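> missing the sequence, but the structure's below:
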């Protein structure tokens, strides 16, 4: 095995320097099990940072599901296969009824990118409302709606088609009255809807990730959704980071706000480290998106990914 110093030197030589590392003194992690990570010297670390391995590193049931399906078949979704159907059935069974049609992809960025395309097909424009400090993915269109990126180092600032809403922070924000803050912050969404004039796409995490693990005030998303929909807009809940029970009391973060989004995205936790993500929407929106342009994804929802997703859902249930 290469030394940590050798690995670091080769990384700098062969990988883009924009690919960041955690910690001033980088860790070389060679193994993971459950909630622990191990470096090249065998030192054990309690992993309080990783936001991908939802049911633990190298969960035996997930590994077994991947192994068994890899021995049988892995191919694209142009063929009939039961795994993708069973995953869609199990996933939608955990969602409120209007959210009933799945599109599977490989990453959270792909999921949010597809969600934006769907929403723009419905609204007829790309007017977008986002929360400050939000990060929704690494494609060009997602960087353009992510203040965490476009207002950061190397960013080029807010595009004209984007309205940025102040973070609805009950502790450090402009409004902090428990009874009124949700409505007061939602009024800022209403103002943004009016500024954009035509139907807007409102995309927000159900609980803010890069914005600081902020629990949204009661009523904020509920009232914001009402304002957006009244003007012909579409509401997207980004649960790439917080879905699948991570908010503790509910399976989905949007349930904390007593809402149902028009489009819903789930990513990292669904594959426990394997690249799989999903977009779930209503039949009406899915049918509108089916406008003659084929949607195809070589690996989204392939038999192996679907088997892994099913295993993760089973582990969470257990």
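Perfect, I can see it now. Computed from a predicted model, the values in this text were never measured in an experiment.

> residue 135 is in contact with residue 149, isn't it?
Yes: in this structure residue 135 lies within contact range of residue 149 using CB atoms under 8 Å: 6.4 Å. Bear in mind the C-beta positions are built from the backbone N, C-alpha and C, glycine included.

> find the residue closest to residue 96 in space, skipping its chain neighbours.
residue 260 (4.9 Å; CB to CB, 6 or more residues apart in numbering).

> looking at it, that neighbour is touching residue 98, isn't it?
Yes: using CB under 8 Å, residue 260 is in contact with residue 98, at 5.8 Å.

> circling back to that earlier point, the residue nearest to residue 96 falls within a strand, correct?
No: counting by DSSP: H, G, I helix; E, B strand; the rest coil, residue 260 is not found in a strand; it is coil.

> count the neighbours of it for me.
A count of nearby residues for residue 260, using other CB atoms under 10 Å, gives 18.

> cool, and the one 5 residues further on?
By other CB under 10 Å, 31 other residues sit near residue 265.

> what pairs with the helix or strand hosting it, parallel or antiparallel?
Under the criterion of DSSP states H and E, residue 265 resides in strand 263-266. Strand 263-266 pairs in its sheet with strand 234-239 (parallel), strand 277-281 (antiparallel), by DSSP bridges.

> which SS class is the closest residue to residue 68 other than its chain neighbours?
The shortest distance from residue 68 to any non-neighbouring residue, by CB to CB, 6+ apart, is to residue 307 (7.3 Å). Classification of residue 307 using three-state DSSP returns helix.

> and residue 307, what does it touch?
Residues in contact with residue 307 (CB atoms under 8 Å, 6 or more residues apart in numbering) are 65, 66, 68, 69, 83.

> kindly report the same for residue 115.
203, 236, 238, 263, 265, 279, 281.

> quick check on it: phi, psi?
For residue 115, the backbone dihedrals (degrees, to the nearest 10) come out as phi -60, psi -40.

> picking up where we left off before, relative to residue 192, which of the contacts of residue 115 is nearest.
residue 203 (12.2 Å; CB to CB).

> of the contacts of residue 307, which is the most crowded?
Neighbour-wise, the contacts of residue 307 (other CB under 10 Å) top out at residue 65, 23 neighbours.

> assumed that residue was part of a helix.
Yes: secondary structure of residue 65 (three-state DSSP): part of a helix.

> just the pLDDT at it, thanks.
On pLDDT, residue 65 comes in at 98.

> please apply the same query to residue 189.
97.

> what do you get for residue 296?
87.

> that one: what secondary structure?
In three-state terms, and counting by three-state DSSP, residue 296 is coil.

> likewise the one 5 residues further on?
Of the three states, residue 301 takes coil under three-state DSSP.

> now do it against residue 13, distance only.
Distance of residue 301 to residue 13, computed by CB to CB, to the nearest Å: 36 Å.

> helices along the stretch 1-150 of the chain, start to end?
4-14, 60-70, 82-93, 108-123, 140-143, 147-150 (DSSP state H, counting those that start in this stretch).

> whoops, the stretch 151-300 of the chain was the one
Under DSSP H, counting those that start in this stretch, the stretch 151-300 of the chain gives helices at 181-196, 220-230, 283-289.

> mind listing what's buried in the first one?
Okay, so that is helix 181-196. 181, 182, 183, 184, 185, 186, 188, 189, 190, 192, 193, 196 (16 or more other CB atoms under 10 Å).

> what's the answer for the second one, then?
The neighbour-count check on helix 220-230 (16+ other CB under 10 Å) flags 220, 221, 222, 223, 224, 225, 227, 228, 229 as buried.

> over to the shortest one?
Buried residues in helix 283-289, counted by 16+ other CB under 10 Å: 285, 286, 289.

> just stretch 19-29 next, same as before
So for stretch 19-29, counting by 16+ other CB under 10 Å, buried means residue 29.

> for it, which outside residues touch it?
4, 7, 8, 11, 37, 38, 39, 40, 45, 49.

> who wins on neighbours among those?
Top of the contacts of stretch 19-29 by neighbour count (other CB under 10 Å): residue 37, with 20 neighbours.
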